[in-house]
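J.: Just the structure for this:
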Amino acid sequence: MSTNQIRDIAQRKPNFFALSPLLVFLVLYLVTSLILNDFYKVPITVAFIASSIYAVAVTNKLTINQRITRFCRGAGNKNIMLMIWIFLLAGAFAQSAKAIGGVQAAVDMALTILPQNFILPGMFLTACFISLAIGTSVGTIAALMPVAAQMASQTGISTALMAGVIVGGAYFGDNLSFISDTTVVATKTQGCMMKDKFHENIRIALPAAIITVIIYFFVGRGYAIEAPATDIEFIKIIPYIAVLILAIVGVNVLIVLLVGVVLAGLTGIFTNSFDLFEWLSQMSTGMLSMSELIIVTLLAGGMLELIRYNGGMDYLVEKLSKKITGSRSAGFSIAALVFFADICTANNTVAIITVGNPAQRIAQKFGISPKRAASILDTFSCFAQGIIPYGAQMLLAAGLCEIAPSEITGYLFYPFLLGAAAIVAIIVYGSKQEKQPILS
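T.: Numbers count the residues shown, from 1 in each chain. Here you go, the predicted model:
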């Protein structure tokens, strides 16, 4: 163990005040926007830079240079860098495909295939299937959101509603897929088989998904949707088909998006939609459109690293682990641990890693099976990640749709239903299988 790691452990004592930067952000962005009833009055970048400056200022026992270095370490985390690569390629792909008319062609095909009253449920089920196959909510959103946004514009459906459909479906697979990071981490930290965790999880996720489909069916009935009168230009859909197929077979999301960018460019040149230099210009435009998203991601990563370093996460673990009397309250404690960890880290995989060990100790002590503990961790981390406006998934969806992340929140039917179903599961299974605590 390095000297820096030893110092980290010594520094990380439970500290409620360490969570104050997050409270500053929530007040500046969410509370102010709700009071003013306008989510554009306070730009999310300004709210994050203010709370980041505050986080640096209140960090103690370090010089100003050391504080900034630690902030930069959080901003430069490998997961943050991976997300930025995805954002850049997603922007380049979305803009290139749009420039050749690929988005419009894909929308025309969807409007032709899907029944008139099944547009919203159809898009939700498509997102569920893709995310289950590729195991990543970010990849699902990057692949489907450009088409969904254009479809919303053409049919009169609210763009925020359509974004909520895709984001919700993306979390279905994020929560259940065998190749999802959250599934891998949850099962590894709790010591159970993936198939056992899946069987435990599907009883929660499937009812929530079915209710969501029913809701979208009735919500979508009020829209007048007509099939396109013109012929569909199938050649322009090739980049999207390739992206979906590669994603489904498990190719790395960065390779998937890179192939999509190249195919969109070659298709555009072949169909005379643009020349080589115009294609390069479109790629640049798409990447620059992700600038606000990238800035927010970097600032959030740095701020949340200071919260972790100052003991904010340890405070949550300490407080939520106390006063547990049985398996039901233990289940809720594990749920609360990972829920608040995700709010503080804005990354469901990192949240599970952060609280995995204390969650396992709680589960063992109060008779919760490993598969159920893994299910609780995965489900509540996806619930939290699915509703926070500063998570990478929500920011990407909002960026591709050119709307504020908070506008999507009211349409996130599946994440909220998933959270409700998980709460009911803890109540029901906790009462049926209550065990006497194992004395330590």
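
J.: ok, Pro415 - contacts?
T.: Listed by Cβ atoms under 8 Å, 6 or more residues apart in numbering, the contact partners of Pro415 are Val167, Gly168, Tyr171, Cys382, Phe383, Gly386, Ile387. Heads up, the C-betas are built off the backbone N, CA and C, glycines and all.

J.: go again using 10 Å as the cut-off
T.: Neighbouring residues of Pro415 by Cβ atoms under 10 Å, 6 or more residues apart in numbering: 164, 167-168, 170-172, 175, 208, 212, 382-388, 409.

J.: One more: Val46?
T.: Neighbour list for Val46: Leu28, Tyr29 [criterion: Cβ under 10 Å, 6+ apart].

J.: Would you mind identifying the next helix or strand past the helix or strand where it lies?
T.: Using DSSP states H and E, Val46 maps to helix 44-58. Next helix or strand after helix 44-58 toward the C-terminus (DSSP H and E): helix 64-75.

J.: Counting by contacts, list what that following helix packs against.
T.: Applying 3 or more Cβ pairs under 10 Å, 6 or more residues apart in numbering; DSSP states H and E, we find helix 64-75 packed against helix 3-11, helix 44-58, helix 291-309.

J.: pLDDT on it, on average?
T.: The pLDDT scores in helix 64-75 average 94.

J.: same question, stretch 99-106
T.: For stretch 99-106, the mean pLDDT works out to 80.

J.: Quote the end-to-end distance of stretch 304-313.
T.: With Cα to Cα, to the nearest Å applied, stretch 304-313 spans 10 Å between its terminal residues.

J.: 15 is where my numbering starts, stick with that
T.: With the count now opening at 15, the last piece we talked about shows up as stretch 318-327.

J.: Could I get the buried residue list for it?
T.: Judged by neighbour count (16 or more other Cβ atoms under 10 Å), stretch 318-327 contains these buried residues: Leu318, Glu319, Leu320, Ile321, Arg322, Tyr323, Asn324, Gly325, Gly326, Met327.

J.: And the last one, how far from Ala355?
T.: Computed with Cβ to Cβ, to the nearest Å, the distance linking Met327 and Ala355 is 6 Å.

J.: hey, what's in contact with both of these two?
T.: Ala365, Thr368, Val369.

J.: give me every residue that touches the last one.
T.: Taking Cβ under 10 Å, 6+ apart as the definition of contact, the neighbours of Val369 are 203, 327, 330-331, 334-335, 348, 350-356, 376, 391, 395.

J.: Mind checking which of the residues you listed are in helices?
T.: Cross-referencing the contacts of Val369 against helices under DSSP state H gives 203, 327, 330-331, 334, 348, 350-356, 376, 391, 395.

J.: Out of the helices and strands packed on helix 78-89, which is closest to Ile100?
T.: Closest of these to Ile100 is helix 305-323, at 10.2 Å (criterion: Cβ to Cβ).

J.: angle of that closest one against helix 78-89?
T.: Angle, helix 305-323 to helix 78-89, by axes from the mean of the first three to the mean of the last three Cα atoms, to 10 degrees: 120 degrees.

J.: Averaged pLDDT, helix 305-323. What do you get?
T.: For helix 305-323, mean pLDDT rounds to 85.

J.: Make JSON lines from the helices and strands packed on helix 78-89 and add distance to Phe231 to it.
T.: Putting those into JSON lines (distance: least, Cβ to Cβ, whole Å) gives the following:
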{"stretch": "helix 17-25", "distance to Phe231": "51"}
{"stretch": "helix 58-72", "distance to Phe231": "33"}
{"stretch": "helix 305-323", "distance to Phe231": "32"}
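
J.: Please identify the most buried of the ones you listed.
T.: The highest mean neighbour count among the helices and strands packed on helix 78-89, using mean count of other Cβ atoms under 10 Å, belongs to helix 305-323: a mean of 23.
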